[in-house]
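A.B. asks: no sequence on this one, just coordinates:
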């Protein structure tokens with residue numbers, strides 16, 4: 001019997017204080033308009049921009065931290081440009097322009113950390129196998145994450161609605177007013193349901 005334990009860790013861009021604060025405000029505002037699965041608060045649910053969130057064997061946590069720290073020394077601060085507020089499967093989030101610089105950081109981190117998952121694929125991805133297209137399935141097999149590499153979509157999730165049919169109504173009401181900002185930190189978070197980041201394990205400064 002295999003008793004190996006796994007943990008889902010998200011290596012993510014940490015938004016600056018102003019952006020995180022506005023994201024928390026927006027998440028709370030949506031929560032007043034509709035039932036949600038979570039509300040960002042910066043304590044139990046952290047605003048973040050996912051880079052790479054696979055599952056790893058628990059025994060590899062220190063290796064993930066060490067590799068990320070070593071890589072972060074060579075990474076520069078990066079500019080994010082807001083594109084739109086979008087939705088899907090009840091999720092509401094801020095989508096950003098997928099610049100070459102953002103894509104390059106994503107790919108460097110995927111390349112550096114992928115081997116540490118030791119081929120692990122989340123049970124959820126296996127369970128919902130039929131919901132993915134061929135390219136997503138290929139990414140799941142290779143990287144343990146459907147939105148890796150060419151499918152990477154930089155975004156900051158605001159919340160998830162319990163009734164996704166309310167998405168259009170909510171999108172017509174809420175606004176975002178920060179057009180661009182600089183990110184100078186990445187972090188590694190322990191994850192929970194609905195893609196939430198529950199605990200910051202360690203953060204790293206970018207140049």
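C.D. replies: Here it is on my side, so go on. Predicted, not measured: the structure shown is a model, and the values here were computed from it.
A.B. asks: what are the boundaries of the helices in the protein?
C.D. replies: Here the chain has its helices, by DSSP state H, at 17-33, 61-72, 100-113, 123-127, 134-143, 167-171.
A.B. asks: which helices and strands does the lowest-mean-pLDDT helix or strand in the chain pack with?
C.D. replies: When each helix and strand of the chain is scored by mean pLDDT, DSSP states H and E, helix 123-127 comes last, with a mean of 84. For helix 123-127, there is no helix or strand it packs on, judged by 3 or more CB pairs under 8 Å, 6 or more residues apart in numbering; DSSP states H and E. For the C-beta atoms, the positions are set from N, CA and C on the backbone; glycine is no exception.
A.B. asks: number of nearby residues for the closest residue to residue 87 other than its chain neighbours?
C.D. replies: Sequence neighbours aside, residue 167 is the residue nearest to residue 87 in space, at 4.1 Å (criterion: CB to CB, 6 or more residues apart in numbering). With neighbours defined by other CB atoms under 10 Å, the count for residue 167 comes to 18.
A.B. asks: so where's this structure uncertain?
C.D. replies: By pLDDT under 70, the weakly predicted segments of the chain are 1-2, 129-130.
A.B. asks: spatially central, which residue of it would that be?
C.D. replies: residue 50 (2.3 Å; CA atoms, centre = their mean).
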